[in-house]
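1. Turn this into a structure:
(one chain, ligands or ions: 1)
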Amino acid sequence: MKRFDLITPEGTNELIFEDCAVRRGVEERLAKLFTEKGYREVVTPGLEFFDIFNLNSRYFPQESMYKLTDGKGRLLVARPDSTLPIARIAATRLKDSLPLRLFYCQDVYRNNPVMRGKSIEIRQMGIELIGDVEDADMEVIKTAIETLSLCGGEFRIELGDISFFRELMNRLDADEDKKENIRRLIEAKNYPALNDLLDSIGENSITRVLKRLPGLFGGEEVFEKAQELFARELFTDEKTDCFLLNLKEFYHSLVSLGLGGQITVDLGIVNKMHYYTGIVVKGYIRGYGDSVLSGGRYNNLLSEFGSNAPAVGFAVNINAVSKLNKELNGVPSALKEPRPLRIALTKGRLEKDTITLLEKIGYDCSDVRDKGRRLILAIEKKEAQSVIEVVLAKADDVITYVENGVCDMGVVGKDIITERSGKFFELADLGFGRCRLSLAVKKGTDFYKGYNVKTIATKYPNSARAFFEEKSIDVDIVKIEGSVELAPLLNLSDAIVDIVETGSTLRENGLEVIEEISTISARLIVNTVSLKLHQKEIEQLLNSINNEQ
Ligand code: PRP
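-> You can find the predicted model right below:
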């Protein structure tokens, strides 16, 4: 019998001895910093009414929240975020005490996808500066920098301003669904799909600027590129000029404080578009594959609780910082010594074409071609004296390694990306590994006839589910691991959703495609932090790849 009383739920952690000491150390350092700067602590309830997170504001998808009911059967959630409850306190009980400088240290709960190494209970510390305060953005960003410098390790703060994107969206003639798709593609720096979507809307100055937005990241040079782009496409546009000028001045004031080395800019930060209204910030620490700090200006949030005031703040992931601190204390060399860029290649179907591509751009791949059972190999580009590490893995694992930052880049099929989803940048369509995700049946079958719920066999249950949901058709889905074509032949299913390349497997087994769902090819994906910390090397590699295509 399984003993659930002896284990903890997936995504939660017991902290023992030094884990507690390290976490407490981090929290005390940050609490001291915040207190010295005049921020006062608040604690909000661990359980809140569902309505707070899903009534006016729909920033938290309902499937991402843990729910339960109170004594009267009303829906509660385990707090998924601290900013909304703090905005409520500020707009109600503390509304006569503005401006407010508040800080918090508490857990948030997110129903993250299982088996991805993600926590569902995340300790966060953060500050909120609420009310009309001169130079509030500067105060908060400077505090964010000081916060990361107290966290240990090499860090980077990245600034953006969501106003550009909001302004461009206001001017774009497209429905809300399309706008949300554009936002998601810019956030994922998915240039190929973004270009296709914007082309379908039509060519104009707004779509041309939107196409370039995800690429406007890096150092000081970003302002020049953006200025040149806006001047060309938007002519003399006071609004966007003003946003850009403000951000530039802001950046320069930080540089003049000697912080230039740690600050970068990304005009393509467009997360939580309806939540943030101005400056946005992200923080990275080398050795952790996701941002550890995130925040920005949110001037409309308090109005949801009856009285409005401008506000700006950020939160730090204490789980991540504690983990890094523990590693830094225990095995300093692992995090302090830089390693070569690491790329994960999908074994099998895409392997040969990927190796050929790496050879075309100058890498000696003889070791990879003759790898035996070795799984990590170094390859060298002699003329550039550049070495990268190649990891060979199954497609799903390529995504896992890139998402977690243990590999910086990966080559994987679009079928797996759509099926798995995840947080990474999808920088390029590599053009090879072309095939189609298709709905196929035994030849001559009228799939849509009759009222019986049809059974679909597939290696891609999420993509198949999404396809039929889009058509509002109920189906039963059976997950099959390989040779999916067998399922209808053995009468296990009415149809299959599977990839078709040459079509010979279908032909030889008396099956035919009745609908094409999507086209697929190999993609280059990049970890969100690696792109920022190794921008030059990754861009060089990307340019060589683009020149080869
Ligand atoms: C894929 C797919 C089809 C076949 C299609 O399977 O699931 O079975 O290839 O290719 P074709 O159109 O060129 O015939 P894969 O070879 O990857 O192996 P699997 O079925 O064992 O997963």
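
2. and the helix or strand hosting D353, average pLDDT?
-> Assigned by DSSP states H and E, D353 belongs to helix 351-360. With pLDDT averaged residue by residue, helix 351-360 scores 96.

3. Contacts for it, please.
-> The contact list for helix 351-360, computed with C-beta atoms under 8 Å, 6 or more residues apart in numbering, reads 345-346, 365, 368-369, 379, 390, 392, 411, 430, 432-433, 522, 545, 548. For the C-beta atoms, the positions are set from N, CA and C on the backbone; glycine is no exception.

4. Which two of those have the greatest separation?
-> L392 and E548 (21.2 Å; C-beta to C-beta).

5. Report the contact partners of the nearest residue to V390 once chain neighbours are set aside.
-> Leaving aside its chain neighbours, V390 sits nearest to L377 (4.9 Å; criterion: C-beta to C-beta, 6 or more residues apart in numbering). By C-beta under 8 Å, 6+ apart, the contact set of L377 is D367, V368, K371, E389, V390, L392.

6. circling back: so for L392 and E548, which residue has more residues nearby?
-> More crowded of L392 and E548, by other C-beta atoms under 10 Å: L392, with 20 against 14.

7. tell me the phi and psi of the more buried one?
-> phi -100, psi 130 (degrees, to the nearest 10).

8. hey, what's it bridged with?
-> L392 has these beta-bridge partners by DSSP bridges: L345.

9. right, and it touches R373 too?
-> No. L392 is not in contact with R373 according to C-beta atoms under 8 Å; the separation is 10.2 Å.

10. OK, now which residue of the stretch 1-150 of the chain is nearest to the ligand?
-> Nearest to the ligand in the stretch 1-150 of the chain, going by C-beta to the nearest ligand atom, is M115, at a distance of 20.6 Å.

11. Distance check, that residue against R232.
-> As judged by C-beta to C-beta, to the nearest Å, M115 and R232 stand 47 Å apart.

12. before we move on, what about L490?
-> Distance from L490 to R232, by C-beta to C-beta: 61 Å.

13. ok, back up a step: neighbour count for M115 and R232, which is higher?
-> With neighbours defined as other C-beta under 10 Å, M115 and R232 compare such that R232 has more, 11 against 8.

14. residue contacts, the most centrally placed residue in the chain?
-> When the chain is reduced to its mean C-alpha position, the closest residue under C-alpha atoms, centre = their mean turns out to be K423, at 3.3 Å. If you count contacts by C-beta under 8 Å, 6+ apart, K423 has them with D290, E403, T528.

15. still on that earlier bit, out of the contacts of helix 351-360, which are buried?
-> 345-346, 365, 368, 379, 390, 392, 411, 430, 432-433, 522, 545 (16 or more other C-beta atoms under 10 Å).

16. what would the residues you listed look like in JSON lines with secondary structure?
-> Output for the buried ones among the contacts of helix 351-360, formatted as JSON lines (DSSP: H, G, I helix; E, B strand; the rest coil):
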{"residue": "L345", "secondary structure": "strand"}
{"residue": "T346", "secondary structure": "strand"}
{"residue": "C365", "secondary structure": "coil"}
{"residue": "V368", "secondary structure": "helix"}
{"residue": "I379", "secondary structure": "strand"}
{"residue": "V390", "secondary structure": "strand"}
{"residue": "L392", "secondary structure": "strand"}
{"residue": "V411", "secondary structure": "strand"}
{"residue": "L430", "secondary structure": "coil"}
{"residue": "F432", "secondary structure": "coil"}
{"residue": "G433", "secondary structure": "coil"}
{"residue": "A522", "secondary structure": "strand"}
{"residue": "I545", "secondary structure": "helix"}
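
17. Among these, find the lowest-pLDDT one for me.
-> Within these, lowest confidence goes to V368 (89).

18. Pull the contacting residues for that residue.
-> Contacts of V368 by C-beta under 8 Å, 6+ apart are I355, L358, L377, I379, V390, L392.

19. one more time with 6 Å, if that's ok
-> I355, L377, V390 (C-beta atoms under 6 Å, 6 or more residues apart in numbering).

20. Tell me how far the second one lies from H534.
-> When you say that, I think you mean L377. Distance from L377 to H534, by C-beta to C-beta: 19 Å.

21. ok, now the last one?
-> Counting by C-beta to C-beta, the separation of V390 from H534 is 16 Å.

22. Show me which residues of stretch 46-58 are buried.
-> E48, F50, I52, F53, N54, S57.

23. For the stretch 201-350 of the chain, give me the ranges with low pLDDT.
-> 235-237, 329-337 (pLDDT under 70).

24. buried residues in stretch 488-504?
-> Buried, per 16+ other C-beta under 10 Å, within stretch 488-504: P488, S493, D494, A495, I496, V497, D498, I499, V500.

25. Now do it: distance to the chain's middle.
-> Taking C-alpha atoms, centre = their mean, to the nearest Å, the mean C-alpha location of stretch 488-504 is offset from the chain mean by 33 Å.

26. what mean pLDDT does it have?
-> pLDDT averaged over stretch 488-504 gives 97.

27. Endpoint to endpoint, that stretch covers what distance?
-> Using C-alpha to C-alpha, to the nearest Å, the end-to-end distance of stretch 488-504 comes to 16 Å.

28. Next to the ligand, which bits of the stretch 401-549 of the chain? Give me the list.
-> G482, S483, V484, E485, D498, I499, V500, E501, T502, G503, S504, T505 (C-beta under 6 Å from any ligand atom).

29. dump the residue contacts of the closest residue to the fifth one other than its chain neighbours.
-> Spatial nearest neighbour of D498, excluding adjacent residues (C-beta to C-beta, 6+ apart): V484 at 4.6 Å. V484 is in contact with A457, K459, I496, D498, counting by C-beta under 6 Å, 6+ apart.

30. isn't there a strand covering V484?
-> No. Remark: V484 does not belong to a strand; assigned using three-state DSSP, it is coil.

31. pLDDT at it, what is it?
-> For V484, pLDDT reads 97.

32. before we move on, back to that, mind picking the one among the contacts of V368 that's closest to V42?
-> V390 (49.4 Å).

33. Can you name the residues that contact the closest one?
-> I343, V368, L377, I379.

34. and the one helix or strand the third one maps to, how far out from the chain's middle?
-> Take DSSP H and E as the rule and L377 turns out to sit in strand 376-381. Computed by C-alpha atoms, centre = their mean, the chain-centroid distance of strand 376-381 equals 28 Å.

35. Kindly report the same for stretch 509-527.
-> 23 Å.

36. what's the closest non-adjacent residue to the residue in the chain sticking out farthest from the centre?
-> The outermost residue of the chain relative to its centre, with distances by C-alpha atoms, centre = their mean, is G444 at 43.3 Å. Among residues not flanking G444 along the chain, E512 sits closest, at 8.0 Å (C-beta to C-beta, 6+ apart).

37. Count the residues that sit near that neighbour.
-> 14.

38. So what does it have for phi and psi?
-> phi -140, psi 150.
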